[in-house]
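Participant: next one to model:
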Amino acid sequence: IILGAPFILGSSTQESVIPKLDYLQKKLLLDEASLRKIILVAPNTLGFSIEGSIEPKLDWLQNRLVLDDEKLAKVIMRFPTILQYSIDDNIEPKLDWLKQRLDLDDMAVSKIVRQFPTILGLSIPNKLEPTLAWLQQRLSLTDRELSNLVQKIPALFGYSVGTNIEPTLNFFIEALGDEDRALALLVRSPDLFSKSLEKRLKPRLEEARVAGLDIDAGCLSRIGKYTNKQWIASVDFQTRQLPPEQ
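Facilitator: Residues are numbered from 1 along each chain as shown. Take a look at the predicted model:
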């Protein structure tokens with residue numbers, strides 16, 4: 001904490017640090033471990049005043065994102081750094097951009113932030129807009145289809161196009177042998193982008209091929225979505241449905 005916020009050495013523990021910790025703990029309904037996590041990730045928060053910064057920022061977030069106390073706490077816990085961001089220079093412009101770019105109402109914007117609060121730490125010109133532009137062009141999406149896609153899985157904003165999204169897309173294209181069917185599958189189930197190529201998709205595809213299963217959209221969906229127990233049971237069931245070898 002000291003390395004991240006050396007100003008603490010010059011602050012009064014009783015008059016400055018402890019009141020802020022007490023306020024955060026009560027406002028966000030935090031236990032000691034959760035409070036410690038927030039301060040370790042965002043130590044500069046202790047340099048802001050309660051009345052002049054912390055309290056109005058939390059109130060603003062709660063009102064703008066329509067959050068009750070529990071949901072507000074979850075957003076802060078998942079992305080403590082938001083406490084260090086400026087409302088005028090960072091948070092509000094980003095929320096306004098999301099609303100306009102994806103044609104969303106306030107509740108839809110709130111849902112995206114609740115599911116992926118880290119989005120508030122990503123650059124619009126360097127990350128958010130390029131990711132949307134790539135997805136829209138490569139998946140041949142209308143504006144509405146693009147909006148629906150990222151609302152289903154806001155974490156897409158945080159994925160790397162080069163090391164995650166594009167390789168995953170190529171995996172499904174090669175597995176199906178049909179680009180149009182692969183695009184349709186991923187647009188219908190964008191959560192497949194979140195599955196690990198090396199730990200899940202590739203090994204299970206090889207298992208399906210060795211078992212002699214048909215590699216169609218249904219099979220690939222099961223490859224991506226099933227738990228290990230479900231996948232093993234599915235392969236066993238599908239294998240038993242195969243016609244006996246002549």
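Participant: output the contacting helices and strands for the longest helix out of those in the chain.
Facilitator: Assignment by DSSP state H gives helix 228-241 as the longest helix of the chain. Helix 228-241 sits against helix 202-210, helix 217-225, with contacts defined as 3 or more CB pairs under 8 Å, 6 or more residues apart in numbering; DSSP states H and E. Every residue, glycine included, has its C-beta placed from N, CA and C.
Participant: now find how far off-centre the first one is within its chain.
Facilitator: Helix 202-210 has its C-alpha centroid displaced from the chain centroid by 28 Å (CA atoms, centre = their mean, to the nearest Å).
Participant: circling back: can I get the helices and strands packed on helix 228-241 in CSV with mean pLDDT, distance to F116 and mean neighbour count?
Facilitator: Shown next, in CSV, are those (pLDDT from 0 to 100; distance: least, CB to CB, whole Å; neighbours: other CB atoms under 10 Å):
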stretch, mean pLDDT, distance to F116, mean neighbour count
helix 202-210, 97, 26, 15
helix 217-225, 97, 19, 19
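Participant: give me the contact list for the longest helix of the chain.
Facilitator: 204, 207-208, 211-213, 219, 222-223, 226 (CB atoms under 8 Å, 6 or more residues apart in numbering).
Participant: tell me the centre residue of this protein?
Facilitator: Nearest residue to the geometric centre of the chain (CA atoms, centre = their mean): A155, 2.7 Å.
Participant: so what's that residue closest to, chain neighbours aside?
Facilitator: Leaving out its chain neighbours, the residue that sits closest to A155 by CB to CB, 6 or more residues apart in numbering is F116, at 5.1 Å.
Participant: give the contact list for the one you found.
Facilitator: 154-155, 157-158.
Participant: please indicate which of those residues are buried?
Facilitator: 154-155, 157 (16 or more other CB atoms under 10 Å).
Participant: out of the contacts of helix 228-241, which is nearest to L29?
Facilitator: L29 lies nearest to Y226 out of those, by CB to CB, at 35.7 Å.
Participant: what's the separation between the residue lying closest to that closest one once chain neighbours are set aside and R114?
Facilitator: Sequence neighbours aside, S234 is the residue nearest to Y226 in space, at 6.1 Å (criterion: CB to CB, 6+ apart). According to CB to CB, to the nearest Å, S234 stands 32 Å off from R114.
Participant: and R204, by the same measure?
Facilitator: 31 Å.
Participant: do Q100 as well
Facilitator: 19 Å.
Participant: same check on F171?
Facilitator: For F171 relative to R114 (CB to CB), the value is 30 Å.
Participant: those two: which has the busier surroundings?
Facilitator: Neighbour count, other CB atoms under 10 Å: between F171 and R114, F171 has more, with 20 against 17.
Participant: quick one: the helices in the protein?
Facilitator: Using DSSP H, the helices of the chain run over 18-27, 32-41, 55-64, 69-78, 92-101, 106-115, 129-138, 143-152, 166-176, 179-188, 202-210, 217-225, 228-241.
Participant: now tabulate the ones you listed in JSON lines and tack on distance to G121.
Facilitator: Converted to JSON lines, the helices of the chain look like this (distance: least, CB to CB, whole Å):
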{"stretch": "helix 18-27", "distance to G121": "19"}
{"stretch": "helix 32-41", "distance to G121": "11"}
{"stretch": "helix 55-64", "distance to G121": "14"}
{"stretch": "helix 69-78", "distance to G121": "11"}
{"stretch": "helix 92-101", "distance to G121": "9"}
{"stretch": "helix 106-115", "distance to G121": "11"}
{"stretch": "helix 129-138", "distance to G121": "14"}
{"stretch": "helix 143-152", "distance to G121": "17"}
{"stretch": "helix 166-176", "distance to G121": "23"}
{"stretch": "helix 179-188", "distance to G121": "26"}
{"stretch": "helix 202-210", "distance to G121": "31"}
{"stretch": "helix 217-225", "distance to G121": "28"}
{"stretch": "helix 228-241", "distance to G121": "33"}
